[in-house]
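Colleague: what follows is a predicted structure for the sequence shown.
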Amino acid sequence: MLREKLKNYNIILASGSPRRQAFFKELNLDYTIKVKEIKETYPNHLTGSQITDYLSQLKASVFTNLNENDILITSDTIVWKNEKALEKPKDFENAKAMLQNLSGEMHEVITSVCFTSKDFQITVNDVTKVWFKKLSDEEIDFYIKNYKPFDKAGSYGIQEWIGYIGIEKIEGCYFNVMGLPTRLVYKTLTQIANR
């Protein structure tokens, strides 16, 4: 199994996200968590997966003293709609405006994952299309008040109440919408282990 193949590597997950940490546990991988704060800004000309690729690599750039057998994993997720990135909401009104924007429409959730060692850097990304039903203001208000999605890109978590009642269909990886394309992470780590 992959865990055995990676036994000579030290996997470092640079994410404070409890969802991403849970995914690594469920993938049966040994890892440690190290988080470094960084200002997540990117050049205005970047679009879609270019943004998440850039930010996941930026998050890796602050780790300057990797050991020989370290694999640092950084990632970033955005909601992409109408050629615009919807990031984490600033407050209640901002979250409400985002969800009203997503209501009754299709948007894309894009996640990039960057694997960095002393010798290489590999960045992969995944795109999932998500369709929301028409959400009422009451539904939106209830969700924001009770679930406080201020740490989530696009102001929602598909695994929460709003996902249960509001998602009509998705095209692509469900886990990608939660913040980690698990299949792609497993595939890339397998390729690294087999190098």
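Modeller: Yep, it's here. Predicted, not measured: the structure shown is a model, and the values here were computed from it. Residues are numbered from 1 along each chain as shown.

Colleague: buried ones in the helix or strand bottoming out on mean pLDDT in the chain?
Modeller: Of the helices and strands making up the chain, the lowest-confidence element is helix 2-5, at a mean of 90, by mean pLDDT, DSSP states H and E. The neighbour-count check on helix 2-5 (16 or more other CB atoms under 10 Å) flags L2 as buried. Yep, even glycine has a C-beta here, placed from its N, CA and C like the rest.

Colleague: list the helices and strands that helix packs on?
Modeller: Here helix 2-5 touches helix 182-193, going by 3 or more CB pairs under 8 Å, 6 or more residues apart in numbering; DSSP states H and E.

Colleague: and the strands in this protein, which stretches?
Modeller: Counting by DSSP state E, the chain has strands at residues 10-13, 32-33, 70-81, 84-86, 106-116, 121-132, 167-171.

Colleague: can you list those strands in CSV and add distance to G179, mean pLDDT and mean neighbour count?
Modeller: Listed next are the strands of the chain as CSV, based on distance: least, CB to CB, whole Å; pLDDT from 0 to 100; neighbours: other CB atoms under 10 Å:
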stretch, distance to G179, mean pLDDT, mean neighbour count
strand 10-13, 12, 98, 19
strand 32-33, 15, 96, 11
strand 70-81, 5, 97, 23
strand 84-86, 14, 94, 17
strand 106-116, 6, 98, 23
strand 121-132, 11, 98, 18
strand 167-171, 14, 98, 13
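
Colleague: list the contacts for the closest residue to A193 other than its chain neighbours?
Modeller: Spatial nearest neighbour of A193, excluding adjacent residues (CB to CB, 6 or more residues apart in numbering): K5 at 3.8 Å. Counting by CB atoms under 8 Å, 6 or more residues apart in numbering, K5 touches 190, 193-194.

Colleague: try it again at 10 Å.
Modeller: Shown in contact with K5 (CB atoms under 10 Å, 6 or more residues apart in numbering): 189-190, 192-194.

Colleague: over to E37?
Modeller: E37 neighbours (CB under 10 Å, 6+ apart): 16, 59, 62.

Colleague: measure D53 to G163 for me?
Modeller: Using CB to CB, to the nearest Å, we find D53 at a distance of 26 Å from G163.

Colleague: hang on, I meant P18
Modeller: Counting by CB to CB, the gap from P18 to G163 is 17 Å.

Colleague: give me the most central residue, this structure.
Modeller: G179 (3.0 Å; CA atoms, centre = their mean).

Colleague: pretty sure that one contacts F24?
Modeller: No. G179 is beyond contact range of F24, at 11.6 Å (criterion: CB atoms under 10 Å).
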